[in-house]
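Asker: Have a look; sequence and predicted model below, questions after that.
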Amino acid sequence: MTSSAQAVLCRYRYDPLDRLASSSLAGQEDIQRFYQKNVLATEIQGALRSTVFQHEDRLLAQQRHVDDLVDTTLLATDQQRSVLQLVDNTGVESVAYSVYGHHPAESGLTSLLGFNGERRDPATGHYLLGNGYRAYNPVLMRFNSPDSLSPFGEGGLNTYGYVGGDPVGFGDPSGHISAALLDKLIRAGIIIRAPKKIPLSQLPSIVDDLPYSSTTVSSTPSLPIASSTGEGLASTSSISSSSVGPSAGGTLKSMVRSYKETRKAFNHLYKSGTDEQRKAGLLKFAETTFRKELDVTVKALELMEASKGTSAFDPERYNALSARLIEREKKYSKRFTPYSEVVKDIRE
């Protein structure tokens, strides 16, 4: 990012999973970010190490380590994960935000996380949602860049809008939620104003045998594709990145992440909606979910095929995944009749 005088104020670096890995403010030591399950867990700047503790979706505390000194602070949050109070051995520090999350820098917030449990960028004061995917400006009450899913996709028509103009009731940790999706959730009766966030472990699931429960991509010479379902798939397949390159692994990871987000929302809608709602309004959403699942499987097969002729290629696992794809296509074409054409397009 540069000023009008073209002076470099800050440099940002990203890892192979498109997550913000570090930032360098002019005249300061680099800030390094470390994640656990795609959630910011630790930040290191020189001798200072800050670590956040949480259980499922609940923020609990943070620790600041400076050399041999350790400072532990308890975090009191609201239902949207915004840090409202910090409690340590010196007392209680209260924190307040504007409705869109603005908190003046001069107020001296000592918590690593703030509004909606997000880390504020020290250079701009913006929130880099989606682990650095998109910068949200709480002063302007909008994003600085358009949603990659907009204007004709799932991101909605307003490419810069933030949570459909309702920051009190909703958050946007991924930088992708749209007014259209919020409207679907409200109309289906799934959520109301200021909903209680539901931990991933408690989300209902109607898809009982998904091909991927977790997929990770590493910058090391192997790209693991993991599944814990055990139904027709080997538990782990390894693909040589020397054959497909790290960008291919990042593409697969992005596809899996997008699929999981869509699947979670669809599962919740399907479980809680009425029969009439499912038939009338959710079929399209279901098709999108299952299309993404098949897309992920097809992409995984492409990456495995690219490693043929190397020691990393496992023909047995490749054949098992191919058989699994055919099985899923048949199942979905029977469950959702209109989806048969989608399956046909993917195979062709």
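Answerer: Happy to help now that I have it.

Asker: Show me the shaky parts of the stretch 51-200 of the chain.
Answerer: 105-110, 149-157, 177-200 (pLDDT under 70).

Asker: Let me see the ranges of the strands in it.
Answerer: Counting by DSSP state E, counting those that start in this stretch, the stretch 51-200 of the chain has strands at residues 58-66, 69-77, 83-88, 91-94, 127-128, 134-137, 142-143.

Asker: packing partners for the fourth one?
Answerer: Strand 91-94 is packed against strand 83-88, with contacts defined by 3 or more C-beta pairs under 8 Å, 6 or more residues apart in numbering; DSSP states H and E. C-beta coordinates here come from the backbone N, C-alpha and C atoms, glycine included.

Asker: hey, C-alpha coordinates of the strand it packs on in CSV?
Answerer: Backbone C-alpha positions of strand 83-88 (Å, rounded to 0.1, in the frame of the first residue of the first chain) are rendered in CSV as follows:
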residue,chain,number,x,y,z
VAL,A,83,-14.2,-8.2,22.4
LEU,A,84,-16.0,-6.0,24.9
GLN,A,85,-13.9,-6.3,28.0
LEU,A,86,-10.3,-7.4,28.9
VAL,A,87,-9.7,-8.7,32.4
ASP,A,88,-6.3,-9.1,33.9
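
Asker: just checking, what packs against that strand?
Answerer: strand 69-77, strand 91-94.

Asker: if we can go back for a sec, quick one, which of the strands of the stretch 51-200 of the chain is packed in tightest?
Answerer: strand 127-128 (a mean of 23; mean count of other C-beta atoms under 10 Å).

Asker: care to break the protein down by domain?
Answerer: With domains defined by automatic domain parsing, the chain comprises 10-136, 203-347.

Asker: any idea how far Tyr127 is from Gly117?
Answerer: 10 Å (C-beta to C-beta, to the nearest Å).

Asker: do Asp18 as well
Answerer: 17 Å.

Asker: Would you state the helices of the chain in chain order?
Answerer: Taking DSSP state H as the test, the helices found in the chain are 129-132, 179-187, 241-244, 246-272, 275-281, 283-306, 315-335, 339-347.

Asker: Just give me the lowest mean pLDDT stretch among these.
Answerer: Sorting those by mean pLDDT places helix 241-244 lowest, at a mean of 34.

Asker: Settle this for me: Arg49 is touching Phe34, isn't it.
Answerer: No - Arg49 lies out of contact with Phe34 (C-beta atoms under 8 Å); the separation is 9.7 Å.

Asker: any shared contact partners between the two?
Answerer: Listed as contacting both Arg49 and Phe34 by C-beta atoms under 8 Å, 6 or more residues apart in numbering are 42-43.

Asker: State the distance from Tyr127 to Glu302.
Answerer: According to C-beta to C-beta, Tyr127 and Glu302 sit 35 Å apart.

Asker: swap in Arg81?
Answerer: Counting by C-beta to C-beta - Arg81 and Glu302 are separated by 37 Å.

Asker: okay, these two: which has more neighbours?
Answerer: For Arg81 and Glu302, the more surrounded residue by other C-beta atoms under 10 Å is Arg81, and the numbers stand at 20 against 14.

Asker: Relative to Ala323, how far out is the more buried one?
Answerer: If you go by C-beta to C-beta, the gap between Arg81 and Ala323 works out to 42 Å.

Asker: now swap in Ser94 and tell me
Answerer: 58 Å.

Asker: what's near enough to touch Ala61?
Answerer: 52-53, 72-75.

Asker: Same list (those residues) but as CSV, adding distance to Thr159.
Answerer: Converted to CSV, the contacts of Ala61 look like this (distance: C-beta to C-beta, whole Å):
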residue, distance to Thr159
Val52, 31
Phe53, 36
Thr72, 42
Thr73, 38
Leu74, 39
Leu75, 33
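
Asker: Contact partners for Asp30?
Answerer: 22-24, 45.
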